[in-house]
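J.: when you get a sec, could you give me coordinates for this:
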Amino acid sequence: MDIRDILIMIDATPRNAALLAFTCGLAARHDARVIGLRCADPLSPVMMYADPTAGLMVADLLEELMLKARAEAFVMAAGFNERLRLENVLGEWRYIEASAWDRAPTEARLSDLIVLGQPDGDDRLVEEMLFRSGRPVLVVPRLGEHKTPGQHILVGWNDSREAARAVHDAMPLLQKAESVTVLTADSAGADAMPGGDIAAHLARHGVVVSLTRSSDAEADPTDLLLNAAADRGADLIVVGGYGHSRLREMVLGGVTRGLLQQMTVPVLFSH
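T.: Numbering: from 1, shown residues only. The predicted structure follows:
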């Protein structure tokens, strides 16, 4: 399996340029295309709070907001295309007038990888992408400079379905890495697959892999992963993304949410 299409969510935040540069570097490393997706839903707040008797005034406001959103998207598209030109990367621009929560997961299903910026407290877009797109999600920290990931990768392994999915989805990255470390923990349980088995499986796929095991059963899994990443000089963490649906509300698991809040290096989540 190869990475051929990478989807990045384009927004109006100052960190967007750095996130796009990061994505272009990743695309160049894997000879992939970059799909820039901008979702804008200027109608939502107006329809929610507008007085239905306002009539013409509401219609004028809606038109003004739509024109503004399209103008902003035009500027974003120009910046996106210029960055791809400078990086000599192929790609395409998509602008959709709809909520990102609703449409982005569907748009992402024909990509191999989704790139998002670390959320500022609201995890909903990550949740929707992780649980509805069927694609792995690579989240980049908001702080610090992050070069193209994949030189030194840390894999969190606990013999779960999600961890197996993450390893499979990350295989193109793992195969190109200079080194891959598989981290397991005693808390995985007596019946868990020994870390040596997953390491041997990766080695058969041409991955340069080593194994480390934490004996601190009381340690917080998020701290274990982040500390191991720092100790090993990892530039990417690969883990399964956990959660469940409760009355249609996506709820992230503790480790997933902890990493989203505290990440110091990019993290690839897969569900």
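J.: look at residue 196 and give its secondary structure.
T.: helix (DSSP: H, G, I helix; E, B strand; the rest coil).
J.: can you check residue 131 too?
T.: helix.
J.: any idea how far it is from residue 265?
T.: 23 Å (CB to CB, to the nearest Å). Glycine gets a C-beta too; all of them are placed from N, C-alpha and C.
J.: likewise residue 180?
T.: For residue 180, the distance to residue 265 - CB to CB - is 14 Å.
J.: ranges for the strands of this protein?
T.: Remark: strands assigned in the chain by DSSP state E are 5-9, 33-39, 91-96, 113-117, 137-140, 152-156, 179-185, 209-214, 236-240, 243-246, 249-252, 267-270.
J.: adding mean pLDDT, mean neighbour count and distance to residue 170, write these out as CSV.
T.: Shown next, in CSV, are the strands of the chain (pLDDT from 0 to 100; neighbours: other CB atoms under 10 Å; distance: least, CB to CB, whole Å):
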stretch, mean pLDDT, mean neighbour count, distance to residue 170
strand 5-9, 98, 23, 13
strand 33-39, 97, 22, 19
strand 91-96, 97, 17, 22
strand 113-117, 97, 24, 9
strand 137-140, 96, 24, 9
strand 152-156, 96, 25, 7
strand 179-185, 92, 22, 9
strand 209-214, 91, 16, 12
strand 236-240, 95, 26, 5
strand 243-246, 48, 12, 19
strand 249-252, 43, 16, 19
strand 267-270, 95, 26, 5
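J.: ok, back up a step: between residue 131 and residue 265, point out the one with more neighbours.
T.: Between residue 131 and residue 265, counting by other CB atoms under 10 Å, residue 265 is the more crowded of the two (22 against 18).
J.: show me what contacts the more buried one?
T.: With contacts defined as CB atoms under 8 Å, 6 or more residues apart in numbering, the neighbours of residue 265 are 141, 146, 149, 229, 234, 235, 236, 237.
J.: among those residues, which lie within helices?
T.: residue 229 (DSSP state H).
J.: closest to residue 85 among the contacts of residue 265?
T.: residue 146 (22.3 Å; CB to CB).
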